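Engineer: Could you look at this predicted model? Sequence included:
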Number of protein chains: 2
Amino acid sequence: MEHAAAKLLPAADQRGAVPRSEMILNEAAKLFAAKGYDGTSVQDIAAAVGITKASLYHFFKDKSEIHSTVVTLSVSRLNDLVKEKLTTCRTASEKVEGFARAHAQHISENTALYFASALGYNELTNPDVKAKVQRMRDGYEETLRMIILAGVETGEFRELDVKLAARAVISCLNWMARWWRPDGPDSAEKIASDYVHLIIQGFLPR
Amino acid sequence: MEHAAAKLLPAADQRGAVPRSEMILNEAAKLFAAKGYDGTSVQDIAAAVGITKASLYHFFKDKSEIHSTVVTLSVSRLNDLVKEKLTTCRTASEKVEGFARAHAQHISENTALYFASALGYNELTNPDVKAKVQRMRDGYEETLRMIILAGVETGEFRELDVKLAARAVISCLNWMARWWRPDGPDSAEKIASDYVHLIIQGFLPR
């Protein structure tokens, strides 16, 4: 049996219907985000989608595969959004903000997926999946480092510890998983943008 | 039966021996940090301490009480360290750094407790304990806000969004739970101090 995990989410089919595998991942993400990996059963997921457990097993081997796919999909969508957003930015400052806004857009557009992934990394049991997700996250962080490094090289930013600077921005963005809520007073994009405007002051030459 | 949770950790007794309840909490913290709440059983904790489950139940009612005590204890120690550290700081910049260094000292001195607590907040099941921990965390964040606000009022810092600025610093510190390791190249104190020196540049008047 070929499992959906291998190809992540297929696009909606020609009739515009949401593919079954995508529905499963969406409902699973909501459950993982709300109740954690251990608190969620395959039966819960099947019930949320409105299918039987037997049907669900046509798409995914087990709960671990569903969870791995949710986490991987979140990181992969985030990386795609960052790439897309950066194409329209010119200066290093704009790019740091674009990077942060892409992250925020991911949080607000894929909220359940994001929360399930942000809180679920430590629950990944398959070492290959964990290593793959770690590589994707490293690539994401490396993108921001390269932006900051380029800013230092052109003199737009002062001489600074690039790794530390990238990590400070990413810490603010990632920590949002612990406190930001979609129904709170500020949009994720506004908060991300405010963080960058604050922190980037420390990057500019004095 | 009176449970140790009510009074948190008693001091070492007069013979200098580590009290049994403290040994239980230390071993439990290591297990929670490594295997999570669900992955740790009361039997695991008893075995790590070298006592029977029956003995352990003289000190704590159940696993949930041990876990609540670990999380509460970590936040309470952190708050104590912050208070202590701040007594020797004068300027707002020094105080922000003192705050961050206290956090880092907590991470490095109480590593297992810190990791168990940082990763375990979402696993708190008792709503009263969760509310109490949330109040303690709010107080911790409020301390930093007051420091930054005082810095703005004296003109040491520029006009800035105090809530956002405090959250940026705390995000960096808290996110260390996800990547910093005691055997890594930099001490927690060095990283915390570097973060503050970077971010505080954005607080200064230009």
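Structural biologist: Good, I have the coordinates.

Engineer: tell me the contacts of residue A:40?
Structural biologist: A:28, A:31, A:32, A:63 (C-beta atoms under 8 Å, 6 or more residues apart in numbering or on different chains). Yep, even glycine has a C-beta here, placed from its N, CA and C like the rest.

Engineer: Now for the last one, how many residues are close by?
Structural biologist: To tie it back to what came earlier, the one meant is residue A:63. 20 (other C-beta atoms under 10 Å in any protein chain shown).

Engineer: Skip the chain neighbours and tell me the closest residue to it.
Structural biologist: residue A:42 (5.1 Å; C-beta to C-beta, 6 or more residues apart in numbering or on different chains).

Engineer: same thing with the third one?
Structural biologist: In space, and not counting its chain neighbours, residue A:32 is closest to residue A:116: 3.8 Å by C-beta to C-beta, 6+ apart.

Engineer: Show me what counts as buried in the helix or strand that neighbour falls within.
Structural biologist: Per DSSP states H and E: residue A:116 is located in helix A:111-120. Within helix A:111-120, the residues that count as buried by 16 or more other C-beta atoms under 10 Å in any protein chain shown are A:111, A:112, A:113, A:114, A:115, A:116, A:117, A:118, A:119, A:120.

Engineer: can you tell me which of those residues lies nearest to chain B?
Structural biologist: residue A:119 (6.7 Å; C-beta to the nearest C-beta).

Engineer: list the contacts for the closest one?
Structural biologist: Contacts of residue A:119 by C-beta under 8 Å, 6+ apart are A:32, A:33, A:36, A:177, B:122.

Engineer: okay, the residue nearest to the last one when sequence neighbours are not counted: pLDDT?
Structural biologist: Which is residue B:122. The shortest distance from residue B:122 to any non-neighbouring residue, by C-beta to C-beta, 6+ apart, is to residue A:119 (6.7 Å). Residue A:119 is assigned a predicted lDDT (pLDDT) of 76.

Engineer: ok, then the element right after the helix ranked longest in chain A?
Structural biologist: As assigned by DSSP state H, the longest helix anywhere in chain A is helix A:127-153. Sequence order places helix A:162-179 as the next helix or strand after helix A:127-153, per DSSP H and E.

Engineer: That following helix and chain B, any residue contact?
Structural biologist: Yes - among the residues of helix A:162-179, A:164, A:165, A:167, A:168, A:170, A:171, A:172, A:174, A:175, A:176, A:178, A:179 lie within reach of chain B under C-beta under 8 Å from any C-beta of the partner chain.

Engineer: how much space between residue A:204 and chain B?
Structural biologist: 8 Å (C-beta to the nearest C-beta, to the nearest Å).

Engineer: same deal with residue A:130?
Structural biologist: Counting by C-beta to the nearest C-beta, the gap from residue A:130 to chain B is 14 Å.

Engineer: Wait, that residue touches residue A:124, no?
Structural biologist: Yes - counting by C-beta atoms under 8 Å, residue A:130 touches residue A:124, with 4.4 Å between them.

Engineer: got the angle between the helix or strand of chain A with the lowest mean pLDDT and helix B:111-120?
Structural biologist: Among the helices and strands of chain A, helix A:111-120 carries the lowest confidence by mean pLDDT, DSSP states H and E, at a mean of 87. Orientation of helix A:111-120 against helix B:111-120 (axes from the mean of the first three to the mean of the last three C-alpha atoms, to 10 degrees) gives an angle of 170 degrees.

Engineer: list the buried ones in the helix or strand that contains residue A:25?
Structural biologist: When elements are assigned from DSSP H and E, residue A:25 belongs to helix A:20-35. Across helix A:20-35, burial judged by 16+ other C-beta under 10 Å covers A:20-33.

Engineer: Tell me how far the nearest residue to residue A:189 once chain neighbours are set aside lies from residue B:142.
Structural biologist: Nearest in space to residue A:189, with sequence neighbours left out and distances taken as C-beta to C-beta, 6+ apart, is residue A:104 at 4.4 Å. Here the criterion is C-beta to C-beta, to the nearest Å. By it, residue A:104 lies 25 Å from residue B:142.

Engineer: These two: who's more crowded?
Structural biologist: Relative neighbour count places residue A:104 above the other of residue A:104 and residue B:142, with 23 against 11, counting by other C-beta under 10 Å.

Engineer: what's in contact with the helix or strand hosting the more buried one?
Structural biologist: Here residue A:104, judged by DSSP H and E, is contained in helix A:92-109. Contact partners of helix A:92-109, identified using C-beta under 8 Å, 6+ apart, comprise A:74, A:77-78, A:81-82, A:84-86, A:88-89, A:114, A:143-144, A:147-148, A:150-151, A:154, A:156-157, A:169, A:173, A:176-177, A:180, A:182, A:187-189, A:191-193, A:195-197, A:200, A:203.
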